[in-house]
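Trainee: Sequence first, then the predicted structure:
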Amino acid sequence: MGTFDDCCDDDCCRCGRCSDFWWCLLCVAIIVAIALIVVLVVAFGFVRHAEVTVDDASLTRLALATAPTTAFAYNLTVTLTVRNRNWAMAMTNTKPLDAAYKFDDQPFDRVRLAGDGDKHAAGKTRVYRLTSGADSAYVALGNAGVAEFRKQNATGTFEVEVAVTGEVKYTARVTKCKIEASCPLKLQLAPPGQAPAALVFQKVKCKLAKAEKNC
């Protein structure tokens with residue numbers, strides 16, 4: 001018959017359906033590819049920096065000796081948490097993760113949290129329960145620092161900083177990124193005979209240093 005009838009034979013119809021099928025398949029493949037690229041960019045293209053907090057801390061001793069050098073006799077417990085906020089990227093330490101204790105910006109002790117090569121899984125929070133103490137921990141206070149200690153000692157409340165430092169590499173990224181967090185604490189010295197639990201501690205969210213380029 002005419003042209004219309006020729007195009008409506010079985011072979012022609014099958015060919016049309018086949019063409020539509022491959023076009024649909026191509027469209028689906030493109031959509032899937034775009035979605036995959038978006039997921040990869042969201043997962044690995046941007047770094048969400050670690051969150052560091054001090055959930056609890058107590059100070060049961062802090063005494064200063066000035067001879068022959070300035071030194072602290074102290075007992076301090078700290079509950080420190082580090083959260084990896086990335087849902088797809090783990091953090092691997094390229095340098096140890098440490099927490100230093102400071103008074104008047106001068107360090108008097110340091111605690112190792114995690115070693116070089118330690119891996120912190122994506123989306124996970126680690127809790128470090130630190131118990132530290134010494135009878136003579138050297139601290140370079142100087143005259144101004146000694147005066148500040150005496151001032152705070154008169155009130156029974158001491159300002160102690162926990163400084164967290166380290167370096168990590170994230171999954172699928174080349175750049176090594178520093179972790180530097182400052183956690184300023186105000187700790188009331190527990191009076192003799194009073195349990196530290198009787199003192200209320202307000203959770204502290206630590207301040208992160210400005211991230212380097214590509215971190």
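Mentor: Yes, it's here.
Trainee: Pull the residues that contact stretch 129-137.
Mentor: Stretch 129-137 is contacted by residues 61, 65, 71-80, 99, 101, 108-109, 111, 113 when judged by Cβ atoms under 8 Å, 6 or more residues apart in numbering. Every residue, glycine included, has its C-beta placed from N, CA and C.
Trainee: what ranges do the helices span in the protein?
Mentor: According to DSSP state H, the chain carries its helices in the segments 3-7, 10-40, 142-155.
Trainee: Low-confidence ranges, this structure, go.
Mentor: 1-17, 35-45, 191-199 (pLDDT under 70).
Trainee: Can you pull the phi/psi pair for the most centrally placed residue in it?
Mentor: The residue lying closest to the centre of the chain (Cα atoms, centre = their mean) is Ala50, at 2.7 Å. The phi/psi pair for Ala50 (degrees, to the nearest 10) reads phi -60, psi 150.
Trainee: and it, what is it in contact with?
Mentor: Ala50 neighbours (Cβ under 8 Å, 6+ apart): Val82, Arg83, Asn84, Arg85, Met91, Val168, Ile179, Ala181, Leu208.
Trainee: about what we covered before: so which of the contacts of stretch 129-137 sit within strands?
Mentor: Counting by DSSP state E, the part of those found in strands is 61, 65, 71-80, 99, 101, 108-109, 111, 113.
Trainee: are any of the residues you listed buried, and which?
Mentor: 71-72, 74-76, 78-80, 99, 101, 108-109, 111, 113 (16 or more other Cβ atoms under 10 Å).
Trainee: hmm, which two among those are most spread apart?
Mentor: Pairwise distances among these were taken by Cβ to Cβ; the largest, 25.8 Å, belongs to Ala71 and Thr79.
Trainee: Counting neighbours, which bits of stretch 119-133 end up buried?
Mentor: His120, Arg126, Tyr128, Leu130, Ser132.
Trainee: that older thread, need the buried ones from the contacts of Ala50 selected in ChimeraX.
Mentor: With 16+ other Cβ under 10 Å as the criterion, this ChimeraX line picks the buried residues out of the contacts of Ala50:
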select :82,83,84,91,168,179,181,208
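Trainee: okay if I get the contacts of Ala50 as CSV plus distance to Thr157?
Mentor: Formatted as CSV, these follow (distance: Cβ to Cβ, whole Å):
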residue, distance to Thr157
Val82, 26
Arg83, 28
Asn84, 33
Arg85, 32
Met91, 35
Val168, 34
Ile179, 29
Ala181, 22
Leu208, 26
